[in-house]
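> using only what follows, build the 3D model:
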Amino acid sequence: MKTKIRLMLKMMLTSILTVGFLQGFAQDKYFTKEGFASFFSHAPLEDIKAEHTKVGVILNTNTNELKIRMAIKGFMFEKGLMQEHFNENYMESDKYKDGSFDGTITEKIDYTKDGTYSATAKGNINIHGVERPIEIPGKLIIEKGVIHLTTEFPVKIKDHDIKIEMSKLQNISEEVKVSFKAELKPYVIK
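Residues are numbered from 1 along each chain as shown. Model prediction:
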């Protein structure tokens, strides 16, 4: 009987220590599944705009590592036909399902202090199955334990092997303006 009690106490202590360790580890992680991304293309015949509200973001404040993921089909357009052409003809989103960024914030930031910081994320962006190095300038606001990220940057579609027919060049710009914002909260293990 004493052996069973000792074994149970040992298992409980191990569980408590493991949970405590994981929670301590998780304190460095901030995330959201509801980041916002949009892009805008201005061309002679029409402007194209799309928005995405389900962008996944993880920031490790200990290492400054930043990861962003989004399903390409999550971009919503004002016109259904534009959305269809975007997914089928240009982004081939059945084949290239996700867009991503993997990198780090280059500045040293004290995430425990509220404030507004200029920040640069340096890493690789993957669009249409083509990965490219990129530096993205942005702003990071820390407010009561919540981290707000915002940025705006250009992307050249030819850099990601996105093909545009000659007949559509008046409709689609060769460079799109990407905007991004996210509100990151501490990751809590439940």
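> CA atoms for contacts and neighbours, from now on please.
Fine.
> could you point out which element follows the helix or strand of the chain with the lowest mean pLDDT?
Ranked by mean pLDDT, DSSP states H and E, the weakest helix or strand in the chain is helix 2-26, scoring a mean of 48. Using DSSP states H and E, the helix or strand that follows helix 2-26 in sequence is strand 29-42.
> model confidence over that following strand, on average?
What strand 29-42 shows for mean pLDDT is 95.
> over to stretch 102-111?
The pLDDT scores in stretch 102-111 average 96.
> once you drop chain neighbours, what's closest to the most centrally placed residue in the chain?
Most central in the chain under Cα atoms, centre = their mean is I68, positioned 2.3 Å from the mean C-alpha point. By the measure of Cα to Cα, 6 or more residues apart in numbering, the closest residue to I68 outside its immediate chain neighbours is V57, 4.5 Å from it.
> and the average pLDDT for the helix or strand hosting that neighbour is what?
Per DSSP H and E: V57 is located in strand 47-60. Strand 47-60 comes out with an average pLDDT of 95.
> which residues touch that strand?
With Cα atoms under 8 Å, 6 or more residues apart in numbering as the test, strand 47-60 has contacts from 28-42, 65-71, 74-78, 171-172, 182, 184.
> quick one, phi psi at the closest residue to G129 other than its chain neighbours?
Distances taken as Cα to Cα, 6+ apart put Y96 closest to G129, at 5.8 Å, once the chain neighbours are dropped. Backbone geometry at Y96, expressed as degrees, to the nearest 10, gives phi -110, psi 80.
> residues contacting Y96?
For Y96, the contact set (Cα under 8 Å, 6+ apart) comprises 72, 127-129.
> let's see 10 Å
Y96 is in contact with 71-73, 87, 126-130, counting by Cα atoms under 10 Å, 6 or more residues apart in numbering.
> need the buried ones from those selected in ChimeraX.
A single ChimeraX command selects the buried members of those (16 or more other Cα atoms under 10 Å):
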select :71,72,73,87,126,127,128,129
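> just flag the most distant two among the contacts of Y96.
K73 and V130 (17.1 Å; Cα to Cα).
> I141 reaches D114, doesn't it?
Yes: I141 is in contact with D114 according to Cα atoms under 10 Å; the separation is 7.3 Å.
> higher neighbour count, the two?
I141 (19 against 14; other Cα atoms under 10 Å).
> quick one, which of the contacts of strand 47-60 are buried?
Looks like the contacts of strand 47-60 have 28-42, 65-71, 74-77, 171-172, 182, 184 buried, using 16+ other Cα under 10 Å.
> just give me the neighbour total for K49.
K49: 20 surrounding residues under other Cα under 10 Å.
> partner residues bridging G123?
G103, I134 (DSSP bridges).
> give me every residue that touches it.
Taking Cα under 10 Å, 6+ apart, we find G123 in contact with 65-67, 101-106, 131-136.
> need the buried ones from those residues selected in PyMOL.
Isolation of the buried members of those (16+ other Cα under 10 Å) is achieved in PyMOL through the command below:
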select buried, resi 65+66+67+101+102+103+104+105+131+134+135+136
